[in-house]
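K.L.:
Output the structure for:
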Amino acid sequence: SARVWRMPPGELYGHKSDVLWAAFSPSGKYILTASFDKTAKVWNSATNRLECTLQGHLATVVAAKYSPVDDNCIVTASGDQTARVWQIDTGAPAMFAEARHVLRGHNG
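P.N.:
Next up is the predicted model:
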């Protein structure tokens, strides 16, 4: 689980393994987490509600970042030697998203 310290206090439950990464979206409306469970998740920072699960990596998601100007564009990096670019709809009910682009060729 991940802990939210300032907006509102609470825990974000939903990952099936340890969380490695957490970051706020540019607007502060969302929290992005990445986990050993091979997923990244988007949470509403006001309600702690799960908005979206980003799935498709074949190994641990070791990092995840928002575009500096867009709450709906995310990039994730994984131990599967890929980075994935995601375009999500944060206004939709909780959903699973698939990557728009898979960037291959990272070695080591």
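K.L.:
how close does the residue nearest to Lys38 when sequence neighbours are not counted sit to Asp70?
P.N.:
In space, and not counting its chain neighbours, Lys38 is closest to His57: 4.9 Å by Cβ to Cβ, 6 or more residues apart in numbering. For the C-beta atoms, the positions are set from N, CA and C on the backbone; glycine is no exception. For His57, the distance to Asp70 (Cβ to Cβ, to the nearest Å) stands at 21 Å.
K.L.:
So for these two, which residue has more residues nearby?
P.N.:
Taking neighbours as other Cβ atoms under 10 Å, His57 and Asp70 compare with His57 leading, 23 against 12.
K.L.:
And what about the residue nearest to Lys38, helix, strand or coil?
P.N.:
coil (DSSP: H, G, I helix; E, B strand; the rest coil).
K.L.:
dump the residue contacts of it.
P.N.:
Applying Cβ atoms under 8 Å, 6 or more residues apart in numbering to His57 gives the contacts 38-39, 76, 78, 80, 82, 84.
K.L.:
Of these - the most surrounded one?
P.N.:
Counting neighbours by other Cβ under 10 Å, the top entry in these is Arg84, with 25 neighbours.
K.L.:
Next, Gln81: phi, psi?
P.N.:
When read as degrees, to the nearest 10, the backbone of Gln81 gives phi 70, psi 30.
K.L.:
Just checking: what are the partner strands of the longest strand along the chain?
P.N.:
Assignment by DSSP state E gives strand 70-78 as the longest strand of the chain. Sheet pairing of strand 70-78 (DSSP bridges) gives strand 61-67 (antiparallel), strand 83-87 (antiparallel).
K.L.:
All set now, cheers.
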